[in-house]
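> give me the fold of what follows.
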Amino acid sequence: MQMQEMIRRHAQPGRLEAILLRPERRSEVVTVAQADVGPRGLEGDHGASEKRAVTLIQAEHLAVIGALLGTGPVAAEDLRRNLVVSGINLAALRGRRLRIGSAELELTGICAPCSRMEEVFGPGGYSAVRGHGGMCARVVVPGTLSTGDSVVPQDAGGH
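Numbering: from 1, shown residues only. Purely as a prediction, here's the structure:
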């Protein structure tokens, strides 16, 4: 089997576990069951750049970050990512497109932690999140997504 073929394969689609909006910089995160995705990101979320229009994190990494901090799993709201997904490796999809609901996103790169992680989690918070902070995405096709939607990688042609 060719390496490229193995890279394209995934055991299962993922699942959208939560949708989080940040109405303003540093404001409380709001959890919603459904959101519209426009060209610049989720409606009701504060501004983002094209390559960072939507941020995603794997639910499985919440326990890893907590273990690195010496606590239980951390709350997704503390990381301030827009979408919490489970069951699929986001890092393996860098540069690829995902269909979630009727929206299509392209993963553009890692979502690196900021110094705020030290404020939220205390000393070592920044280092605990490194490598586990999720991915950034640009919007390819605007649409609507809902908690429980499948997270489905698209083939190389985006279909």
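> residue 141 - how many residues pack around it?
14 (other Cβ atoms under 10 Å). C-beta here means a position set from N, CA and C on the backbone, and glycine is covered the same way.
> not counting sequence-adjacent ones, nearest residue to residue 40?
residue 53 (5.4 Å; Cβ to Cβ, 6 or more residues apart in numbering).
> can you check residue 121 too?
residue 69 (5.6 Å).
> for the one you found, give its distance to residue 84.
18 Å (Cβ to Cβ, to the nearest Å).
> give me the more crowded residue out of those two.
Using other Cβ under 10 Å as the criterion, residue 69 and residue 84 rank with residue 84 on top: 23 against 19.
> sec struct for that one, please.
Classification of residue 84 using DSSP: H, G, I helix; E, B strand; the rest coil returns strand.
> contacts only, for it.
16-20, 56-59, 62, 76 (Cβ atoms under 8 Å, 6 or more residues apart in numbering).
> give me the beta-bridge partners of it?
residue 18, residue 57 (DSSP bridges).
> can you check residue 32 too?
residue 19.
> ok, it touching residue 21?
Yes - Residue 32 lies in contact with residue 21 (Cβ atoms under 8 Å); the separation is 6.1 Å.
> so where's the protein uncertain?
Within the chain, the ranges that satisfy pLDDT under 70 run 7, 10-11, 47-48, 156-159.
> quick one: end-to-end distance for stretch 96-104.
Using Cα to Cα, to the nearest Å, the end-to-end distance of stretch 96-104 comes out at 10 Å.
> now do stretch 70-90
24 Å.
> show me how far it is from its chain's centre.
8 Å (Cα atoms, centre = their mean, to the nearest Å).
> now do stretch 27-35
For stretch 27-35 - counting by Cα atoms, centre = their mean - the centre lies 14 Å from the chain centre.
> what of stretch 80-97?
That offset, for stretch 80-97, works out to 5 Å (Cα atoms, centre = their mean).
> just confirm residue 128 is within a helix.
Yes - with three-state DSSP as the criterion, residue 128 is part of a helix.
> what sits against it?
Counting by Cβ under 8 Å, 6+ apart, residue 128 has contacts 65, 68-69, 117, 121.
> now residue 134
55-58, 61, 79, 81, 90, 110-111.
> just those: which are in strands?
Using DSSP state E, 55-58, 110 are the members of the contacts of residue 134 that sit in strands.
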